[in-house]
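[1] Coordinates for the following, if possible.
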Amino acid sequence: MFQPFYRPRRLRANENIRRMVRETKLSPDDFIYPLFVTHGKGVKKEISSMPGNFQQSIENLVKDCGEVHTLGIPAVILFGIPEHKDELGSEAYSDEGIVQHAIKAIKNKLPELVVITDVCLCEYTSHGHCGLIKNGVVQNDATLELLAREAVSHAKAGADMVAPSDMMDGRVGALRHALDTEGYSDTPIMAYAAKYASSFYGPFREAAESTPQFGDRRSYQMDAPNSREALREVALDIDEGADIVMVKPALSYLDIIFQVKQQFNLPVAAYNVSGEFSIIKAAAKLGWIDGERAMMESLISIKRAGADMILTYFAKEAAMLLNSKS
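    Sure, this is the predicted structure:
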């Protein structure tokens, strides 16, 4: 009988040996938790397609942030649901906007928690697109001014970092110029640098009430087959002043995460998006997969591909599991 000379199974024999040789490790430090804030009092409305995630009024949001902080998760990212929408997305850049009030409430109660804000107009516009519309077309340059105003209003309210997700050309440079001009040169920008027009955003659009009322976002979000274009997008954002670059979604674009990490010397974020989350939750509910193992396997794959930080709706659940084993 043939006897193998080298036996890799020796280093897989039990959990403690596997832990010792494990190449990629997850920590609560890796996570950013997305949250949805809305007007009102006592609001905690579960998002039907995203079990365990909620549209919350500010006082409940702050409680949730307290739990996030206790679990050792360093940061949250806020998405706002306005009271009224209009063609210009006015609440996005109003000092009295829902996100602006939420930032102040969180920082007042939990000053150590890093508060990142999504900078985009889609949640706030009546048409659901990420920019101003003229003759049915999203206007790039006119939108930049409003995005810059939104970023400054978030920084003014106390945001630790802003994250433009709109995919307008030049928006990182516009935000950097506006922030610097208004005295917020220390506010970092986490750019959604390679954001694809993905089918995996569906549950988020329910959560943020941001479904386009006509057409789609393929004229400004990236085309799924393209990878070289992603590297050009990332390079442009870095040249314009991005401090962190993001790939979105994560699981269908692990190759992009890897390439970005290999080519650029900047922290890389990856967004484990709503559809990726909901698929695992749905399959686990039906008993088709082990939900906990699938969650951890998907998160470790994102980290292994090169992500330094992961925006994920699994953040609290994964942190609880990791903390229980530490």
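[2] what about the residue nearest to Ile103 when sequence neighbours are not counted, how many neighbours?
    Using CB to CB, 6 or more residues apart in numbering and skipping the chain neighbours, the partner closest in space to Ile103 is Ala157 (4.2 Å). Any C-beta I mention is one placed from the backbone N, CA and C, and that applies to glycine too. By the criterion of other CB atoms under 10 Å, Ala157 has 20 neighbours.
[3] Would you agree Ala157 is in contact with Glu96?
    No: when contacts are counted by CB atoms under 8 Å, Ala157 is not listed as touching Glu96 (10.2 Å).
[4] picking up where we left off before, next one: the residue nearest to Ile103 from Asp95, what distance?
    With the distance defined as CB to CB, to the nearest Å, Ala157 ends up 7 Å from Asp95.
[5] what's the answer for Pro164, then?
    19 Å.
[6] likewise Phe200?
    34 Å.
[7] Same drill for the two, tell me which one is more crowded.
    Phe200 (22 against 10).
[8] can you pull the contacts of the more buried one?
    Shown in contact with Phe200 (CB atoms under 8 Å, 6 or more residues apart in numbering): 249, 252, 273-276.
[9] ok, now Val260?
    Counted by CB under 8 Å, 6+ apart, Val260 has contacts 193-194, 230-231, 234, 245, 247, 268, 306.
[10] end-to-end on stretch 302-314?
    13 Å (CA to CA, to the nearest Å).
[11] buried set for that stretch?
    302-303, 305-307, 309-314 (16 or more other CB atoms under 10 Å).
[12] mind listing which of the residues you listed are in strands?
    The members of the buried residues of stretch 302-314 that map onto strands under DSSP state E are 309-312.
[13] I'd like those written out as a markdown table, with distance to Ala102 and pLDDT added.
    Converted to a markdown table, those look like this (distance: CB to CB, whole Å; pLDDT from 0 to 100):
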| residue | distance to Ala102 | pLDDT |
| --- | --- | --- |
| Met309 | 21 | 98 |
| Ile310 | 22 | 98 |
| Leu311 | 17 | 98 |
| Thr312 | 20 | 98 |
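[14] one step back: any chance of the contacts of Val260 in TSV, plus secondary structure, pLDDT and distance to Glu209?
    Listed next are the contacts of Val260 as TSV, based on DSSP: H, G, I helix; E, B strand; the rest coil; pLDDT from 0 to 100; distance: CB to CB, whole Å:
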residue	secondary structure	pLDDT	distance to Glu209
Ala193	strand	97	25
Ala194	strand	97	25
Ala230	helix	97	28
Leu231	helix	98	33
Val234	helix	98	30
Val245	strand	98	28
Val247	strand	98	25
Val268	strand	98	29
Gly306	coil	98	33
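[15] Among the buried residues of stretch 302-314, which pair sits farthest apart?
    Greatest spacing in the buried residues of stretch 302-314, by CB to CB: Gly306 and Tyr313 (20.9 Å).
[16] by contact count, what packs against the longest helix belonging to the chain?
    Using DSSP state H, we find that the single longest helix of the chain is helix 140-157. Under the contact criterion of 3 or more CB pairs under 8 Å, 6 or more residues apart in numbering; DSSP states H and E, helix 140-157 touches helix 98-109, strand 114-119, strand 132-134, strand 161-164, helix 171-181.
[17] Give the pairing partners of the second one; include direction for each.
    Strand 114-119 pairs in its sheet with strand 75-81 (parallel), strand 161-164 (parallel), by DSSP bridges.
[18] can you list those in a markdown table and add distance to Glu46 and mean pLDDT?
    Shown next, in a markdown table, are these (distance: least, CB to CB, whole Å; pLDDT from 0 to 100):
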| stretch | distance to Glu46 | mean pLDDT |
| --- | --- | --- |
| strand 75-81 | 14 | 97 |
| strand 161-164 | 25 | 98 |
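[19] Tell me how far Leu179 lies from Gly52.
    Applying CB to CB to Leu179 and Gly52 gives a distance of 34 Å.
[20] more neighbours, those two?
    Per other CB under 10 Å, whichever of Leu179 and Gly52 has more neighbours is Leu179, with 22 against 12.
[21] Which strands or helices does the lowest-mean-pLDDT helix or strand in the chain pack on?
    In the chain, no helix or strand scores lower on mean pLDDT, DSSP states H and E than helix 202-208, which sits at a mean of 80. The contact analysis (3+ CB pairs under 8 Å, 6+ apart) places helix 202-208 against strand 75-81, helix 274-285.
[22] sorry, back to before: filter the contacts of Phe200 down to the buried ones.
    249, 273-276.
[23] Contact partners for Ala230?
    Taking CB under 8 Å, 6+ apart as the test, what Ala230 contacts is 193-194, 222, 247, 253, 256, 259-260.
[24] Please repeat the previous calculation with a cut-off of 10 Å.
    193-196, 222-223, 245, 247, 253, 255-257, 259-260 (CB atoms under 10 Å, 6 or more residues apart in numbering).
[25] what's the answer for Pro225, then?
    Tyr196.
[26] if you set the cut-off to 6 Å instead, what comes out?
    By CB atoms under 6 Å, 6 or more residues apart in numbering, the contact set of Pro225 is empty.
[27] Can you lay out the contacts of Val260 as TSV showing distance to Leu321?
    What follows is the contacts of Val260, written out as TSV (distance: CB to CB, whole Å):
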residue	distance to Leu321
Ala193	30
Ala194	29
Ala230	31
Leu231	34
Val234	32
Val245	28
Val247	24
Val268	24
Gly306	23
